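A.B. asks: sharing a model prediction with you, sequence too.
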Amino acid sequence: MAAAAAAAVPVATPTPGRMERVVLVTGASGFQRLDFVYLNAGIMPNPQVNFRALWQGLMTGKVLHMLTTAEGIMTQTDRLNGDGLQEVFATNLFGHLILVRQLESLLCGNEKPSRLIWTSSSNARETAFSLSDYQHAKGQESYSSSKYATDLTSVVLNRKLNKQGLYSSVVCPGLVMSNMTYRILPVFLWKLLMPIMWLIRFFAKTYTLTPYNGAEAHVWLFKQKPESLDALVKYHSCTSGLGKNYVEPRKMDVDEETAEKLYEKLLELEKQALEKYDDLLDK
Ligand SMILES: NC(=O)C1=CN([C@@H]2O[C@H](COP(=O)(O)OP(=O)(O)OC[C@H]3O[C@@H](n4cnc5c(N)ncnc54)[C@H](OP(=O)(O)O)[C@@H]3O)[C@@H](O)[C@H]2O)C=CC1
Ligand SMILES: CC(C)CCC[C@@H](C)[C@H]1CC[C@H]2C3=CC[C@H]4[C@H](C)C(=O)CC[C@]4(C)[C@H]3CC[C@]12C
């Protein structure tokens, strides 16, 4: 059991709507402690790319920023899930937070520090997020909002739980070919674009393109001492034009007061969700 407990535990993080799976997947009672939890599940439903804006970006010198962050060129349409929550918020952030809170006793107060590693994105943007609409019911940038809320949540978790030996980090894997990106453009088009993207990579180092390259920051973080990491930094997987992988730390644009306020709202929502699913939880 000690060996199992010392291993990194990859968990699919279900949305609260699939609360049964939280208990099933964690099998929490079988472990004495957890060293690493990677929080990676994510969705981007109904993505729309504004190619006209991308073209204008080319004319105005903003194209590289657009190609790496998708700022100003991507929108999504979100919907409510079966629990009455915005689906992107619930999947990309809230489901993970519920999981973390359920695992808190295994993550905190251990001899060795425990680690949370959230897959965020360079698409996270403050202007897409609003405290008064933290689930992003009103806008069309639910993905960006959910990733910004993820960054804020990680910052608060560090403030609250570092003393108890829990450290949280956020990473961006860069642009990776995955099921998510294959829903943005068809696979054949991405394949045709590949030579162009290899060229773009000479200028945009976050064009990691493969899951292997995209995992560079995840693997790098696994090897770092958590005390040496900066809670206000996002760790980006990068690949050079010649294909060498490395990690670039970049300061996040986060306000700690907003982070605290968001966390209060998340805890309130968690309380409501747990009351609703009380009978399913392993007590
Ligand atoms: N691809 C990219 O360019 C980038 C991706 N990211 C982030 O990386 C992470 C992984 O995405 P990526 O690999 O690209 O995309 P994929 O679509 O390939 O993977 C998403 C994963 O999330 C799981 N998932 C989705 N919804 C739920 C749910 N409700 N409950 C449980 N699991 C769920 C999926 O499981 P299943 O298949 O069983 O549904 C799947 O394993 C995401 O957080 C994404 O935002 C960040 C930056 C860039
Ligand atoms: C010549 C090609 C590369 C043109 C492709 C245009 C768009 C389909 C893509 C340009 C930028 C891409 C993205 C940037 C950031 C990603 C972000 C980090 C993420 O988390 C999910 C995917 C991205 C939004 C991605 C999506 C496709 C682009 C908009």
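C.D. replies: Structure received. Every value quoted in this text rests on a predicted model; they were computed, and no experiment measured them. Ligands and ions are numbered 1, 2, ... in the order given.

A.B. asks: how about the residues of the stretch 101-250 of the chain by ligand 1?
C.D. replies: 119, 121, 172-173, 175-176, 178-181 (Cβ under 6 Å from any ligand atom). (Glycine included, C-beta is placed from N, CA and C.)

A.B. asks: go again with 8 Å.
C.D. replies: Residues of the stretch 101-250 of the chain lying close to ligand 1 (Cβ under 8 Å from any ligand atom) are 119-123, 143, 147, 172-181, 183, 211, 214.

A.B. asks: out of the residues you listed, which are buried?
C.D. replies: Among these, those classed as buried by neighbour count (16 or more other Cβ atoms under 10 Å) are 119-123, 143, 147, 172-177, 214.

A.B. asks: those in helices, which ones?
C.D. replies: Among these, DSSP state H puts 143, 147, 214 in helices.

A.B. asks: report the secondary structure state of the closest residue to ligand 1 within the chain.
C.D. replies: Among the residues of the chain, residue 42 lies closest to ligand 1, at 2.3 Å counting by Cβ to the nearest ligand atom. Following DSSP: H, G, I helix; E, B strand; the rest coil, residue 42 is assigned to coil.

A.B. asks: what about it, neighbour count?
C.D. replies: Neighbourhood size, residue 42 [other Cβ atoms under 10 Å]: 21.

A.B. asks: give the contact list for it.
C.D. replies: 91-92, 119, 180 (Cβ atoms under 8 Å, 6 or more residues apart in numbering).

A.B. asks: from the residues you listed, which land in helices?
C.D. replies: residue 180.

A.B. asks: considering only the contacts of residue 42, which also neighbour ligand 2?
C.D. replies: Here is what survives when those are matched to ligand 2 using Cβ under 8 Å from any ligand atom: residue 180.

A.B. asks: which one of the contacts of residue 42 sits closest to ligand 2?
C.D. replies: So of the contacts of residue 42, ranked by how close each gets to ligand 2 (Cβ to the nearest ligand atom), first place is residue 180, at 6.4 Å.

A.B. asks: tell me the pLDDT of the residue of the chain closest to ligand 1.
C.D. replies: As predicted, residue 42 sits at a pLDDT of 98.

A.B. asks: ok, residue 277 next?
C.D. replies: pLDDT recorded at residue 277 is 80.

A.B. asks: that one and residue 98, how far apart?
C.D. replies: Distance, residue 277 to residue 98, by Cβ to Cβ, to the nearest Å: 9 Å.

A.B. asks: of these two, who's got more company?
C.D. replies: Between residue 277 and residue 98, residue 98 has the larger neighbour count (other Cβ under 10 Å), namely 23 against 17.

A.B. asks: can you classify that one as helix, strand or coil?
C.D. replies: helix.

A.B. asks: let me know the secondary structure of residue 260.
C.D. replies: Residue 260 is classified as helix under three-state DSSP.

A.B. asks: I figured it hits residue 157, correct?
C.D. replies: No: counting by Cβ atoms under 8 Å, residue 260 stays clear of residue 157, with 11.3 Å between them.

A.B. asks: among the buried ones among the residues of the stretch 101-250 of the chain next to ligand 1, which are in strands?
C.D. replies: In strands, defined here by DSSP state E, the members of those are 119, 172.
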